[in-house]
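Undergrad: Mind looking at a prediction? Sequence and model below.
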Amino acid sequence: MSVKSKKTNATKQKIIDGYLALYSANPGGKITVKEIAEKAGVSRVTFYQYFSDVDDVRHKLEEYIYRLTQEVYDNIRVSGPEISVNQLASTTSSLAEIRAKYWPIIKDLEKSPEYRSKVRGGFKDLLCEVFPDTFNRNDVASSFMLEFYTSGIMGSIDWWQENGNTSSWETAVGELLSTNLIASNHK
């Protein structure tokens with residue numbers, strides 16, 4: 001990557017981070033280009049070199065969050081059907097890290113049925129791929145179990161985030177796995 005590309009990416013990231021900081025401080029509040037530029041330490045002219053308006057920043061951030069989530073899913077797919085429960089725990093830990101970093105935005109995004117369906121659908125697809133003998137979308141009982149697992153995992157991550165827990169998500173999942181509630185079903 002060239003020096004110019006690195007600088008461009010760093011500037012974009014500063015602007016996005018500025019938006020995220022402002023949004024986190026006042027979710028749903030009005031944010032202006034001037035405020036973002038000040039928070040990012042760039043001029044308004046520089047802001048407009050990278051983004052057309054505040055909504056453009058928000059849209060690019062949403063796309064980025066979704067891409068990060070898909071990368072987590074894709075990384076686990078590389079393991080194929082021989083995935084272990086510990087690898088699945090590591091995947092959910094990666095999801096938890098993304099959700100923690102971008103929580104104010106994700107919490108707002110999840111109000112959108114379209115976004116929620118994309119993220120949850122991606123996770124369900126992942127579970128079907130790595131546990132093909134357990135999950136089958138064409139079977140009602142299996143589909144119910146798939147929804148149960150997906151809702152439980154996503155809901156637990158959200159609960160963890162909302163309750164400001166200080167230990168890592170991976171530690172929490174490790175404690176759950178040590179009870180053998182999940183491990184007995186998926187070895």
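TA: That came through, no problem.
Undergrad: Just to check, residue 47 is in contact with residue 12?
TA: No - in this structure, residue 47 is not within contact of residue 12 by Cβ atoms under 8 Å, at 10.1 Å. To be clear about C-beta, it is placed using only N, CA and C from the backbone, and glycine gets the same treatment.
Undergrad: who's more crowded, those two?
TA: Shown here are residue 47 and residue 12; by other Cβ atoms under 10 Å, residue 47 has more neighbours (25 against 17).
Undergrad: Which pLDDT value belongs to the more buried one?
TA: Residue 47 carries a pLDDT value of 96.
Undergrad: any idea which helix or strand carries the residue lying closest to it once chain neighbours are set aside?
TA: Nearest residue to residue 47 in three dimensions, chain neighbours excluded: residue 37, at 4.7 Å (Cβ to Cβ, 6 or more residues apart in numbering). Element membership for residue 37, per DSSP states H and E: helix 33-40.
Undergrad: Now find how far off-centre that helix is within its chain.
TA: 25 Å (Cα atoms, centre = their mean, to the nearest Å).
Undergrad: do stretch 128-139 as well
TA: 23 Å.
Undergrad: Report the buried residues of it.
TA: For stretch 128-139, the buried set under the neighbour-count rule, 16 or more other Cβ atoms under 10 Å, comprises 128, 129, 130, 131, 135.
Undergrad: and the end-to-end length of that stretch?
TA: 12 Å (Cα to Cα, to the nearest Å).
Undergrad: go on, stretch 77-90?
TA: End-to-end for stretch 77-90, by Cα to Cα: 13 Å.
Undergrad: now that stretch: mean pLDDT?
TA: Stretch 77-90 comes out at a mean pLDDT of 69.
Undergrad: ok, now stretch 98-115?
TA: So the average pLDDT for stretch 98-115 ends up being 82.
Undergrad: Thank you, goodbye.
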